[in-house]
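>>> Whatever this is, show me its structure:
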Amino acid sequence: MDIFDALSRERTLINPTADRVKDVAALARPRTRGKKGLFVVEGPQGVREALIAHRRRPIIDALYVTERALERHDDLAEAIAEAEGSPAPSAGGKSRKVFIRLVTDEVLDAMSDALTPQGVLAVAHIEPSLSTDPWAEGAEPGLLAALVRVQDPGNAGTLIRAADAAGAHAVVATQGSVDVLNPKTVRSTAGSLFHLPVIHGMEIHELVGRARSAGMQILAADGYGDHNLDDLADRAAEDRAGHTPLRSEGPDLRRPTLWLFGNEAQGLTRQEKLFADARVAVPVYGNAESLNVSTAATVCLYATARARRP
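A predicted model of the protein is given here:
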């Protein structure tokens, strides 16, 4: 079915001051997201992943797209056509269909907080999976990433995307971190938000306690750490090549691991570092003062993922 057959141009939203447009724009505010149980997914890649997730279970409440975006992204147009008429998440016991409309550029600009909207925006329900316990139903995660008071939405989203790429089992944003459903954070995840559980608001002592009870080691990313990440990666590679049993002393990247990544400006506090079994530094070989937290996290997570490969 041609998407233009499904979306009548006569019903195109053209008024950027309409109540529906204002309601979507209001989801940029945390209080409104919490009250409505909805958040915004913007951009072709994020919406693609939301639509894929929607095939498995209803999560999309509404979808807005410009004609130009449909013409530019054939695969996205097909996915939107497939979602036409599909059930939306039930609200108050009422069954509804996903609300899909063509919109003008002006309407999408009014809905989005992005400086340059990318032509498509979905409104999705906040799912229970966004707060799923990583250890639910006896699960034994091998790699977890914790955002500890990470404040920048872009950093948080990039870190979630890196954790997804490295095969982490979940990401936890502790108390004091940016809301992971902030529109900029969601955009920065490029759809990874729909690939793994992302838990928000857990206290760090609870997270560390749960991880340690499950037999995980706790590593703190710290530029002044006692251990060098490259050394740990080299040792893991040598031990794996020699089929050496897991070592009981000192950090071993082959063990189930929870990484702690700290605030952009302050890093981890002294108390937060004390939660860790070891502090690990990412070596800097050039003249840079330090690495951005999401960049450092990517290096740490990939080193651990590589060490844990069978």
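
>>> burial of Asp239, as a residue count?
One way to gauge burial is a neighbour count; for Asp239, by other C-beta atoms under 10 Å, it gives 17. Every residue, glycine included, has its C-beta placed from N, CA and C.

>>> That one in helix, strand or coil?
For Asp239, the secondary structure call by DSSP: H, G, I helix; E, B strand; the rest coil comes out as helix.

>>> Low-confidence stretches in the stretch 201-310 of the chain?
Within the stretch 201-310 of the chain, the segments meeting pLDDT under 70 span 243-249.

>>> Kindly apply the preceding question to the stretch 51-200 of the chain instead.
Answering for the stretch 51-200 of the chain: the residues below the bar, that is pLDDT under 70, span 91-93, 128-132, 137.

>>> can you give me the strands in the stretch 51-200 of the chain?
With DSSP state E, counting those that start in this stretch as the definition, the stretch 51-200 of the chain shows strands at residue ranges 60-65, 99-102, 120-125, 143-147, 170-174, 198-202.

>>> Can you lay out these as a markdown table showing distance to Gln271 and mean neighbour count?
As requested, these are exported to a markdown table (distance: least, C-beta to C-beta, whole Å; neighbours: other C-beta atoms under 10 Å):
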| stretch | distance to Gln271 | mean neighbour count |
| --- | --- | --- |
| strand 60-65 | 41 | 23 |
| strand 99-102 | 47 | 18 |
| strand 120-125 | 36 | 25 |
| strand 143-147 | 14 | 27 |
| strand 170-174 | 12 | 25 |
| strand 198-202 | 16 | 19 |
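
>>> got CSV for those, with distance to Val41 too?
Compiled in CSV, the strands of the stretch 51-200 of the chain are given as follows (distance: least, C-beta to C-beta, whole Å):
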stretch, distance to Val41
strand 60-65, 8
strand 99-102, 14
strand 120-125, 4
strand 143-147, 20
strand 170-174, 17
strand 198-202, 13
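
>>> Which one of those strands lies nearest to Gly262?
Using C-beta to C-beta as the criterion, the shortest distance between Gly262 and the strands of the stretch 51-200 of the chain is 8.7 Å, found for strand 143-147.

>>> what's the offset of the closest one from the middle of its chain?
A distance of 11 Å separates the C-alpha centroid of strand 143-147 from that of its chain, computed with C-alpha atoms, centre = their mean, to the nearest Å.

>>> quick one: contacts of it?
Applying C-beta atoms under 8 Å, 6 or more residues apart in numbering, the set of residues contacting strand 143-147 from outside is 134, 156, 159, 162-163, 166-174, 177-178, 204, 207, 211, 216, 256-261, 297, 301, 304-305, 308.

>>> Select from the residues you listed every entry located in helices.
Using DSSP state H, 156, 159, 162-163, 204, 207, 211, 297, 301, 304-305 are the members of the contacts of strand 143-147 that sit in helices.

>>> Please identify which pair of those lies farthest apart.
For the ones in helices among the contacts of strand 143-147, with distances taken as C-beta to C-beta, the pair at the greatest spread is Ile204 and Ala305 (22.9 Å).

>>> between the ones in helices among the contacts of strand 143-147, which is nearest Asn228?
Taking the ones in helices among the contacts of strand 143-147 together and measuring to Asn228 by C-beta to C-beta, the closest member is Thr304, at 14.3 Å.

>>> Quick check: which element contains the closest residue to that closest one other than its chain neighbours?
Distances taken as C-beta to C-beta, 6 or more residues apart in numbering put Leu253 closest to Thr304, at 4.9 Å, once the chain neighbours are dropped. Applying DSSP states H and E as the criterion places Leu253 outside every helix and strand.
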